[in-house]
Each structure stands twice: as structure tokens, then as C-alpha cells.
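1. next input, structure requested:
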Amino acid sequence: MASMAARILLPVLVMLSACAVATGLYERVCEPRSTESPTASMATSGEGTNLELTTEQASPATTEGTLEERLIFFGNEAKPRILPVHATDVPVTKEGSRDDVGEVFDLFSSDAQPRKASNDTPKDTPKQIPVDPSKRAARWLIMMRNAAYGWADTPNAILALQLANDTWFNKQDLSSQLSVKQMHIELLSKIARRGFHLKDVPTGELSHYVLALTATCQNPRNFYGHNLLEAIDRALFHFPTAEFNNFYQFSQGVLAICGAGAPVKPRLIKDLAKGQQSDGGYPFGVDATAMAILALSCVEKQRIHRHDKDEIRHVFSQAVNFIRTQQRPDGSFGNQHNTGLAVQALIAANLEPATWRCPEALATLTRTQHQDGSFGQFFQTTVQVLPALAGKTYADVNRIMCEMAPIMDEDEESFLMTEYDLYDPDEEPNHYVSNMTVMYTVHSDFHPNVTASIEITVPSNTSFLDIMDIAAERDERFRYEAPDTKWGHYVSTIGDLREDHDEKRYWTIMLDPDISIDEGIDHFIPDDGDHVIFRYRKYD
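-> Now for the predicted structure:
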């Protein structure tokens, strides 16, 4: 009897499981999202981003549940979990027991592989039951973890795993905590090797770390005393430079700031608009354009800064149209790496699946997935594809993830992002922040018409470099150039006036008309009510 049950039920189970996996993959990737925040809508609907379906979440019409709903893959190791089986699902033996069903489920071992066929098992038993592609990729990624619980690119691995399953990092799982701690060690090591100057850490790398820190509910504005968002914002302000000059990295920086809940300055959106080519794409094609879409989709949802929504929508729609034109007959957008990021971008664009042939793109990706769960056994490709297969994107990294699944205890609240991190200088002061107001003037001894003043209100302890950035954002007369030297930023140009070595003219910073300031703009922190003057003068 047991052998007969295995012969009958196992092929049915495999077929139903395959159908359920394919249907679930299509629904979470191709179906348009609601107009709410993607993560918020999941919270209200009762769905979990770990893609796990329990009997309580099943459709009311199937109160007993179905077999495919009970064979689910979940958690860090993608092991099968069998939910309780109801009497109506299986035949009963003459003795009234249901041991034959237990024998069928016992065919599956803890590593999601069927047992080898025995004398009582049909020879045509499938060699492997279908497994959700995102779970297989996550399992491979975890297997690639090294002895220190890190990876070749630890922040990207953590980001992909947390997006695919937003409960991956939790207080009960020691291995995920060790991986996050390893990420801390790696970033601190990078900062230390560069003399503890964040400005010397490549902006692209820093953006990876910020996204991963935010996804695991940690504050990138206070990473062991380092403000990572400030460093990225400063690099974006001076874009392009010799080391930081492509829009993939630029968009990634914008996305990191936006995902952390900090305001994205309108000037950065204008820079994205200026860099867009006539066909809607960016230099380096699909990858750079997809990252721009992800950044813009995050910024468009921000309510903490006054952006030109029409400009965002125009740049966004042009970029989306470009990506759509790059889709090939087989559904791909180039190689697996390109396709994974393009699928993320089009998920974020919230298009109808027919407009970009989503099923074909998914079929191409899943067809090229290796038996071990990887994509070409390439680490970077797998971490790029994994969020897309889970129906998630890099633009889904935000504070809502932390509100849904808090990681820290209440007494560790200071490590979480708070309203302080959403500070907007245009808003009224709040009890989280003590503010100061500084008057900033530029004046030329040689050009009577070159005099301008602006009043800036910022949080206390803000460096004058940040005040200059805000002033330049609001008034072009305060735009400046300041090469970054080993002594800090050196102001060479303000407005249209550049230092002139032949004429011995240069810019000097003063407090009120007569007091010279010995500190550089990186380290000078004015007090409330100060009047800071940049004076264009002649030295002897």
C-alpha cells in the first residue's frame, strides 16, 4: 500500500509544486504593485517577503489547504518544511492510519533532494523536486560564505539576502549577525587604511555599505562615529571627478541616500537629467540606466523634499523606454547580470507585464540557473539576480523594512534611524534637533557687484563645508570649487571668480569683517548667529 501511494502521489506532488513555484514567481515579479509603498502593501495584505505561505494565509476557499501549499521552502538554508496534512488530502489505509502519506513526505531529505530510489520506489521517480529559484540562489549564496562569515563582496551579499527574505537578519540567527558584524569590520578596515578619511573610500563601495546597513536597520549617519551619508552627498556634489565619473555610481549614491530616508537634493536630479542621452539611456547602457530608474523610483516617493515631480517623471519615463527597447527576443536584456538589474528596474517602474514581456525575462533567467542555485557560479551575477527573483529591488531598501521587522531592542533604539535622519532644513525645527542660523557672505575687493549674502539654518555642529553646499544649492552665486587635498578642501573658486596666482588674488575665510579663521572649511563649525565671510582679496 505504501509503495502504491508513493507511485500515485509523488508525481502529482512534483507537478503541483512546480506549478505553484512558477505561478508564485510570476505573481511576485510580473504583477504590478499597488500604488502604495511595496513593503507597506505587503504588510497590510499579510504577505511576507520571505515568500512563505502558511495555512492561515491560504485562500478562504481552500480551508484544508493543498499539497503544494504545504511543501514550502524557507529560511536561511532553504530546507523543506512540511505543514500538517489534513485527512481529506490522502487515502486512508485499511488499518485507518495515514502512514503511507508520511512515507511519501519522508522521501525528501533535509537538503531538499529526494532519496535514491529503493526497490519499492518507481524507477522513473524525478531526481529533484522543483524549488523556488530565489530560494535556490539564496541557499547557494549562503554556502559561499567564508570562514569569517563574509563574502567576496559582503555588503552586496547581505543586501541581496535581506531583500529576498526580510527576516534573514534577526536576533535569533547567530550566523546572520556574524555576517553583519563582519561587514562592519571590513568597512572599518577600509576607512582605517585610508587614514580614517571617508572621502578616500570609493563612492560606489560606500553606497553598497549604506544600502546593506539600511536594509539591516542600522544608522549610516552614525557608523562608529562616521557619517556615511555625508560622505556620499559630498562626493555627489563634486561629481564628476577623475575617480568618480559614471552615472551607475552616481545613481547608486542617490539611491543610498534616498533609501536611508535622507532628503535627496534637487540638484542631484538635475544632474541625472543632464546626463541622460537622447535615447533615454546613460553611458554604459542597461546597467547604468537601470540604476538610474531605481534611484528615481525611490526619490519620486519621497515626501521630505520639494522636487520637480514633472522633471523626475520625464527622466524616469525616458529611461524606462530605453530599457524596454533593449529587451531581446529571448526576453533577456543582455547577459544574466544585465537582465537581473533590468528586471529590478522594471519591477520598480510598476509596468503591466505585457509591456515588457516579463514572463520571457523570467524564463531566460531561470533557464540559465545552475543546479546548485547560482547563475554561472558567478557571485556578482547571483547577488544581482536574487532580489529580482524574489520580486524585490534595491529601491525597496527603506525604513519601512525596519518598522515591519525591528532588529534591535528598545534600549538599542539609538542605533536605528530616527526622525533626526529625515532632517529637512525647509521644515520647522523639531525636538530631535537643535538648530543654528549662520549668515554667509561672499565679497570681492575688486568687483563691487560681487557681493551676496544668504542666511542658512542647519543642525548645530554642522561643518561650514556643509553650509556651503546648502548655499550653493539655493543660489548659484555661491557655487564653488574646492579641490580635495591632504589638508582638506581648499576653496579656489566661488561664483565666477577663480584664484589668480599672477595677480596674487585668492579667497580667504573670515568671521565677521576682521577675524581670520585658521581652520579649513571641513573642520570649522560656526556658532549660532555667526557671520562668515569669504573674501576675494590680494595677498602681499
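
2. all strands for this protein, in order.
-> Using DSSP state E, the strands of the chain run over residues 71-74, 79-82, 435-444, 451-459, 480-481, 484-485, 488-489, 493-494, 497-498, 505-511, 515-516, 531-538.

3. for these, which one sits closest to Cys298?
-> Across the strands of the chain, Cys298 has its closest neighbour in strand 451-459 (23.4 Å, CB to CB). Using the backbone N, CA and C atoms, a C-beta is placed for each residue, glycine as well.

4. buried stuff in the closest one?
-> Neighbour-count burial for strand 451-459, with 16 or more other CB atoms under 10 Å as criterion, is recorded at Ala452, Ile454, Ile456, Val458.

5. over to stretch 164-182?
-> Ala164, Asn165, Asp166, Thr167, Trp168, Phe169, Ser176, Gln177, Ser179, Val180, Gln182.

6. between those, which sits nearest Pro387?
-> Taking CB to CB as the measure, Ala164 is the one of the buried residues of stretch 164-182 closest to Pro387, at 6.1 Å.

7. on that earlier part again, using a markdown table, lay out the buried residues of stretch 164-182 together with distance to Ala147.
-> As requested, the buried residues of stretch 164-182 are arranged in a markdown table below (distance: CB to CB, whole Å):
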| residue | distance to Ala147 |
| --- | --- |
| Ala164 | 23 |
| Asn165 | 23 |
| Asp166 | 27 |
| Thr167 | 25 |
| Trp168 | 20 |
| Phe169 | 20 |
| Ser176 | 16 |
| Gln177 | 16 |
| Ser179 | 12 |
| Val180 | 16 |
| Gln182 | 10 |
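
8. keep only those of the residues you listed that are in helices.
-> In helices, judged by DSSP state H, the following of those are found: Ala164, Ser176, Gln177, Ser179, Val180, Gln182.

9. got a list of what the fourth one touches?
-> Pointing back at Ser179 there. Under the criterion of CB atoms under 8 Å, 6 or more residues apart in numbering, the contact partners of Ser179 comprise Arg145, Tyr149, Gly150, Thr154, Ala157, Ile158, Phe169.

10. how many other residues sit next to the residue nearest to the fourth one when sequence neighbours are not counted?
-> It stands for Thr154. On the basis of CB to CB, 6 or more residues apart in numbering, the spatially nearest residue to Thr154 that is not a chain neighbour turns out to be Met183, at 4.7 Å. Counted with other CB atoms under 10 Å, the burial measure for Met183 works out to 24 neighbours.

11. where does Met183 land on pLDDT?
-> Per-residue confidence (pLDDT) for Met183: 96.

12. go on, His447?
-> The model reports His447 with a pLDDT of 88.

13. then Val254?
-> The confidence metric pLDDT takes the value 95 at Val254.

14. same question, Phe73
-> Phe73 is given a pLDDT of 29.

15. and the strands of the chain as JSON lines, adding distance to Leu465?
-> Listed next are these as JSON lines, based on distance: least, CB to CB, whole Å:
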{"stretch": "strand 71-74", "distance to Leu465": "48"}
{"stretch": "strand 79-82", "distance to Leu465": "52"}
{"stretch": "strand 435-444", "distance to Leu465": "12"}
{"stretch": "strand 451-459", "distance to Leu465": "11"}
{"stretch": "strand 480-481", "distance to Leu465": "10"}
{"stretch": "strand 484-485", "distance to Leu465": "10"}
{"stretch": "strand 488-489", "distance to Leu465": "6"}
{"stretch": "strand 493-494", "distance to Leu465": "13"}
{"stretch": "strand 497-498", "distance to Leu465": "19"}
{"stretch": "strand 505-511", "distance to Leu465": "11"}
{"stretch": "strand 515-516", "distance to Leu465": "18"}
{"stretch": "strand 531-538", "distance to Leu465": "12"}
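
16. of those, which is nearest Leu187?
-> Closest among the strands of the chain, once you apply CB to CB, is strand 484-485, at 20.4 Å.

17. could you spell out the sheet neighbours of the closest one, each with its direction?
-> Here the strand partners of strand 484-485, with direction, are listed using DSSP bridges: strand 488-489 (antiparallel).

18. sorry, back to before: would you turn the contacts of Ser179 into a markdown table with distance to Pro202 and pLDDT?
-> Compiled in a markdown table, those are given as follows (distance: CB to CB, whole Å; pLDDT from 0 to 100):
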| residue | distance to Pro202 | pLDDT |
| --- | --- | --- |
| Arg145 | 24 | 95 |
| Tyr149 | 24 | 95 |
| Gly150 | 18 | 95 |
| Thr154 | 15 | 96 |
| Ala157 | 18 | 97 |
| Ile158 | 18 | 96 |
| Phe169 | 25 | 91 |
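
19. most surrounded residue in the residues you listed?
-> Greatest neighbour count in the contacts of Ser179, by other CB under 10 Å, goes to Ile158: 28 neighbours.

20. how close does that one get to Met183?
-> Counting by CB to CB, to the nearest Å, the gap between Ile158 and Met183 amounts to 6 Å.

21. any common contacting residues for the two?
-> Taking CB under 8 Å, 6+ apart as the contact definition, Ile158 and Met183 share the neighbouring residues Ala212.

22. before we move on, back to that, who's in contact with the residue nearest to Thr154?
-> If you count contacts by CB under 8 Å, 6+ apart, then Met183 has Gly150, Thr154, Pro155, Ile158, Tyr209, Ala212, Leu213 around it.

23. switch to 7 Å and redo it
-> Gly150, Thr154, Pro155, Ile158, Ala212 (CB atoms under 7 Å, 6 or more residues apart in numbering).

24. among the strands of the chain, which comes closest to Thr368?
-> Across the strands of the chain, Thr368 has its closest neighbour in strand 71-74 (20.3 Å, CB to CB).

25. what is the burial count for the closest residue to Ile509 other than its chain neighbours?
-> Of all residues beyond its chain neighbours, the one nearest Ile509 is Ile517 (4.9 Å), with distances taken as CB to CB, 6+ apart. Residue crowding around Ile517 was assessed by other CB under 10 Å; the count is 15.

26. dig out what Pro459 forms beta bridges with.
-> Using DSSP bridges, the bridge partners assigned to Pro459 are Asn435.

27. check the contacts of Met183 and tell me the two furthest apart.
-> Spanning the widest gap among the contacts of Met183 are Gly150 and Ala212, at 11.6 Å by CB to CB.

28. wait, Arg194 sits on Asp200?
-> Yes: contact criterion CB atoms under 7 Å: Arg194 and Asp200 qualify, at 3.7 Å.

29. low-scoring stretches of this structure, by residue?
-> For the chain, the stretches with pLDDT under 70 are 1-24, 26, 34-130, 195-196, 303-307, 399-401, 403-434, 540.

30. next up, the contacts around Ala471.
-> Taking CB under 7 Å, 6+ apart as the definition of contact, the neighbours of Ala471 are Tyr440, Ile454, Ile456, Phe478.

31. can you pull the contacts of the nearest residue to it once chain neighbours are set aside?
-> Once its chain neighbours are removed from consideration, Ala471 has its nearest residue in Phe478; the separation is 4.0 Å (CB to CB, 6+ apart). When contacts are counted by CB under 7 Å, 6+ apart, Phe478 touches Val442, Ala452, Ile454, Met468, Ala471, Ala472, Ile494.
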